[in-house]
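1. Structure of the sequence below:
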Amino acid sequence: GPLMRDNEFGPQPTPEDATARWLRRGALYVLAPLLLILEVPVAIHVAQAPTTGMAVHNLTVRTVDPGSPAARAGLEPGDRLLAIDGAPVATMVDYFVAIAGHYDLETQTYLLQRGDGFFTAPVTPGRPSRARIIWNYGMSLAGLAFLLMGWLILARRYDMVARYFFGVCATFAFFLMDVPDWPSYTYMILKETARDLAHLLLPAVFLRFFLYFPDRPHLTPRNLMRHRLLMLPAAPLFLLSIYAQSARLDPTSSLLVALVQQLSAVYFLVYMLAGLVVFARKVFRRGRPVEHTKLRLVLVGLLAGFGPFLAGIILFSASPPSAIAHSEWLGFSLVLVPLSFGLAILRYGALDLEYVVRHSLIYGILTILVVAFYALVVGVLGHTLTAYFHSSDLPIVLLAVMGPALALNPLRRLLHRWLDRTFYPAREATREALQRLSHELSDLSEGATAPDTMLRQLHALYRPTCIALYLEQDDHQILRGLHSEDGRPKPSVAKLSPDGTLCRVLMTAHRPIYAEELDGLDTMPATDDDTRSLLAELRVQLFVPLITGNRLRGLLAFGAKSDGSLYSQADVSNLHTFSVQAAALVEIGRLYQERLERKRLETEMSVAQRIQTNLVPSEPLYLPGSEVLGRMDSCREVGGDYFDYFRMDPRTVGFAIADVAGKGVPAALVMTTLRVAFRTAAVRQAEPEDVLGSLNQAICSLGPAAQLVSFFYGIYTAADGRLLYANAGMNPPLLFRTGRDYVERLKKGGTMLGVDRSQRFARGTLELAQGDLLLLYTDGLVEQPDETGSEFYGEERLIEDARIHRDLELTALIDRIFANVDAYGGPEQSDDRTLILMRINEIR
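-> Have a look, this model is predicted:
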């Protein structure tokens with residue numbers, strides 16, 4: 001299911017599976033609207049609803065109000081109903097069908113049994129008294145409050161607390177709003193079936209709600225199954241009640257009906273008492289401050305709601321309602337019950353009296369000002385203009401409407417600031433302290449001390465038991481943190497992934513989130529281990545995301561306040577504003593640190609480049625009758641190409657060219673190692689194939705750091721013009737013979753270095769002549785793509801360039817080849833490029 005859901009502060013994180021999602025939609029968009037629609041005719045006909053002044057249970061008259069129509073007709077408690085207007089009454093459904101819808105107050109004839117005798121009584125219903133009308137309106141309003149508050153909670157939260165709260169509210173609404181009767185047997189059967197189901201589900205839903213409220217406990221699969229089994233007794237009782245209705249069993253004589261009613265009463269009493277016991281234990285239990293605040297709020301709501309309501313019921317039953325002045329208004333107190341529960345559930349952090357009082361004052365003063373302005377403009381100015389100028393008062397009315405509309409927002413801001421300065425100086429002081437902290441962080445954004453300063457100042461300001469700051473690292477793969485329990489920041493070993501559950505929730509919410517909003521997140525299968533670990537180990541009450549550029553750059557985690565108080569709406573609002581500024585400052589600091597690190601790396605790479613450049617020859621090497629020259633251009637500051645040439649004796653030169661797989665620093669490190677190994681092997685071994693064997697052993701011994709290397713090594717003796725060489729997977733060097741059009745390629749040797757430790761290499765031998773030109777190159781030279789990327793420079797172009805310009809000096813020839821490659825590929829160099837030229841001027 002989705003992770004987020006909008007609430008009054010923005011998206012709200014709560015887990016929900018597919019089944020729960022469909023049940024929730026059915027409750028929100030089918031059940032609740034249906035109850036609301038059914039209440040409409042009841043609300044309309046409250047004053048016209050017929051009443052006989054008697055209560056009937058199991059077809060037996062239970063009570064008769066003095067002076068009521070039933071009393072005037074001679075009915076007494078204990079009378080047994082047999083028929084109404086000649087229609088037999090065998091069940092309570094028959095009774096409800098017979099009396100439904102008689103709004104014209106026509107007389108009905110009741111057939112009754114009293115003792116062993118039978119008699120008829122004409123009963124003419126009357127209108128309800130004023131007190132009864134007010135009481136009924138109070139019950140309808142309370143039912144509506146239950147329904148709307150349950151709907152609101154379920155719309156904004158969809159954890160188990162919200163689901164069971166809606167179940168309790170919908171059930172109470174069903175009974176309090178009094179779904180209307182209708183003179184239809186099918187309709188009344190459905191209504192009584194729904195009433196029985198609601199009556200049987202209420203105790204189990206009531207108990208399960210208090211097991212989860214105010215905070216859902218950590219449930220093992222066994223405990224979760226036990227909680228589900230609490231719903232089990234309702235099933236057989238409901239099935240038996242359906243059977244009794246369908247079989248039309250006499251409620252006064254059927255043992256089955258009596259048994260079902262007794263078992264239902266016991267079940268109802270036990271479960272409701274169990275729920276109240278669970279609630280009482282949580283009230284007196286020492287837990288988190290937020291739980292205590294919520295439970296105290298609910299306790300006040302229960303006492304203020306149920307106390308007057310129960311008193312009203314007692315007064316109505318003990319004496320005529322009219323005898324107790326205004327007792328009929330006591331029923332309206334029941335509205336406080338769903339409001340207190342809803343506020344405790346919906347407002348994370350429970351009731352914020354400062355928030356409520358402050359906004360009440362603001363909008364109360366605004367209302368007074370608007371009314372005064374309207375009265376002044378319309379009543380005084382409008383009357384004056386109309387009396388003296390006989391003009392229409394329409395412009396005055398428009399001015400009275402548009403003026404407050406335009407001035408409302410500026411006035412509200414002014415009132416906010418005035419109330420904060422006058423009545424809430426602590427709030428203003430906190431806001432100013434956070435502003436000073438923002439300015440201080442902006443001065444420190446170019447250093448590494450900003451996170452420490454932020455933690456110290458926030459710890460001093462809010463005094464949390466612990467505070468943690470997680471910031472995005474350079475690799476953008478993790479968030480590492482600092483935490484503090486005494487105001488002194490310390491590195492945290494914990495880490496978070498930006499793609500983890502908690503970070504995704506905060507990123508989607510874009511606002512501070514109370515920790516209790518994440519109840520259930522630790523048990524979701526999709527929740528990552530880092531999030532589970534953080535939620536389990538840190539006693540966090542508030543998470544504040546640091547977001548900039550539509551990316552989560554970090555987060556602040558606040559523990560409980562040391563004094564036990566809660567984070568108020570003012571705290572949340574101030575921290576939200578601060579987080580927007582802090583996120584930008586953190587990002588500036590991160591970018592500055594990245595720039596410093598980049599400059600440091602550039603400096604180090606420049607040094608490395610100079611070192612690498614010093615590792616290869618920079619000047620031509622001259623032998624009697626021959627010369628050698630090389631050049632290397634790295635596509636980055638350092639690269640993996642390598643070349644070397646050196647005098648082995650006055651008439652012998654050794655030369656090599658290599659290409660390490662890859663680019664940049666890793667390839668350069670292997671190249672450096674390779675150069676040391678090559679020079680050492682070249683001194684010890686006389687034959688090229690033996691040198692390559694030693695190099696292959698050295699490369700393979702690097703283990704995981706080993707990379708494949710192409711390598712060519714040749715030894716030229718000027719005295720006889722003989723060239724010995726071995727090629728380990730290198731592009732075959734090109735030999736341009738004097739007087740010949742074709743090019744020879746030097747291929748003998750073996751595979752690349754680093755493939756097989758046991759690899760043996762072959763040796764090639766050539767006789768060079770006067771005017772021959774040998775060209776050695778790496779693949780970066782011929783694999784340079786053109787500007788469209790569709791074609792490489794290629795070996796054929798290289799051969800053509802060398803053939804056309806082979807008579808140039810070696811320095812000029814190398815410059816010409818590199819210039820042609822640059823012109824072909826543009827400014828972007830795709831790979832390291834290396835080239836060695838050796839020309840035989842004469843054989844001595």
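
2. need the strands for the stretch 651-800 of the chain, in chain order.
-> Here the stretch 651-800 of the chain has its strands, by DSSP state E, counting those that start in this stretch, at 652-660, 709-717, 722-728, 734-736, 743-745, 749-750, 764-767, 773-777.

3. how close does residue 213 get to residue 300?
-> Per Cβ to Cβ, to the nearest Å, residue 213 is found 15 Å from residue 300. To be clear about C-beta, it is placed using only N, CA and C from the backbone, and glycine gets the same treatment.

4. same deal with residue 306?
-> Distance of residue 306 to residue 300, given as Cβ to Cβ: 11 Å.

5. same thing with residue 767?
-> For residue 767, the distance to residue 300 equals 108 Å [Cβ to Cβ].

6. neighbour count winner among these two?
-> Set residue 767 next to residue 300 and count neighbours by other Cβ atoms under 10 Å: residue 300 wins out with 13 against 10.

7. give the contact list for that one.
-> The contact partners of residue 300, by Cβ atoms under 8 Å, 6 or more residues apart in numbering, come to residue 340.

8. what helix or strand does it sit in?
-> Assigned by DSSP states H and E, residue 300 falls within helix 289-318.

9. Just the mean pLDDT for the next helix-or-strand element following that helix, thanks.
-> Using DSSP H and E, the next helix or strand after helix 289-318 towards the C-terminus is helix 336-346. Average pLDDT, helix 336-346: 79.

10. Can you pull out the residues in contact with helix 336-346?
-> Applying Cβ under 8 Å, 6+ apart, the set of residues contacting helix 336-346 from outside is 7-8, 142, 145-146, 149-150, 152-153, 156-157, 161-162, 165, 169, 172, 213-214, 294-295, 297-298, 300-302, 304-306, 350-351.

11. Which of the residues you listed are buried, as a ChimeraX select command?
-> In ChimeraX, this line selects whichever of the contacts of helix 336-346 come out buried by 16 or more other Cβ atoms under 10 Å:
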select :7,142,145,146,149,150,152,153,156,157,161,162,165,169,172,213,214,294,295,297,298,301,302,304,305,350,351
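
12. isn't residue 369 right up against residue 410?
-> No - between residue 369 and residue 410 there is no contact under Cβ atoms under 8 Å: 11.8 Å.

13. Mind giving me the packing neighbours of whichever helix in the chain runs longest?
-> When the chain is parsed with DSSP state H, its longest helix is helix 569-615. Helices and strands touching helix 569-615, by 3 or more Cβ pairs under 8 Å, 6 or more residues apart in numbering; DSSP states H and E, are helix 353-374, helix 425-444, helix 450-462, strand 467-472, strand 540-548, strand 551-559, helix 664-684.

14. With mean neighbour count added, can I get these in CSV?
-> As requested, these are exported to CSV (neighbours: other Cβ atoms under 10 Å):
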stretch, mean neighbour count
helix 353-374, 14
helix 425-444, 15
helix 450-462, 20
strand 467-472, 24
strand 540-548, 23
strand 551-559, 23
helix 664-684, 18
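
15. These into CSV, with extra columns for mean pLDDT and distance to residue 620?
-> Below are those laid out as CSV (pLDDT from 0 to 100; distance: least, Cβ to Cβ, whole Å):
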stretch, mean pLDDT, distance to residue 620
helix 353-374, 64, 84
helix 425-444, 76, 56
helix 450-462, 84, 55
strand 467-472, 83, 52
strand 540-548, 86, 57
strand 551-559, 86, 54
helix 664-684, 80, 20
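
16. between the ones you listed, which gets nearest to residue 253?
-> Checking those against residue 253 by Cβ to Cβ gives helix 353-374 as the closest, at 57.0 Å.

17. check which helix or strand covers the residue nearest the centre of the chain.
-> Central residue of the chain (Cα atoms, centre = their mean): residue 505, 1.1 Å from the mean position. Using DSSP H and E, residue 505 sits within helix 501-509.

18. Could you list the paired strands of the helix or strand just after that helix along with their orientation?
-> Next in sequence after helix 501-509, counting helices and strands by DSSP H and E, comes strand 513-514. Strand pairing for strand 513-514, determined by DSSP bridges: strand 540-548 (antiparallel).

19. so the strand it pairs with versus strand 467-472, what angle?
-> 30 degrees (axes from the mean of the first three to the mean of the last three Cα atoms, to 10 degrees).
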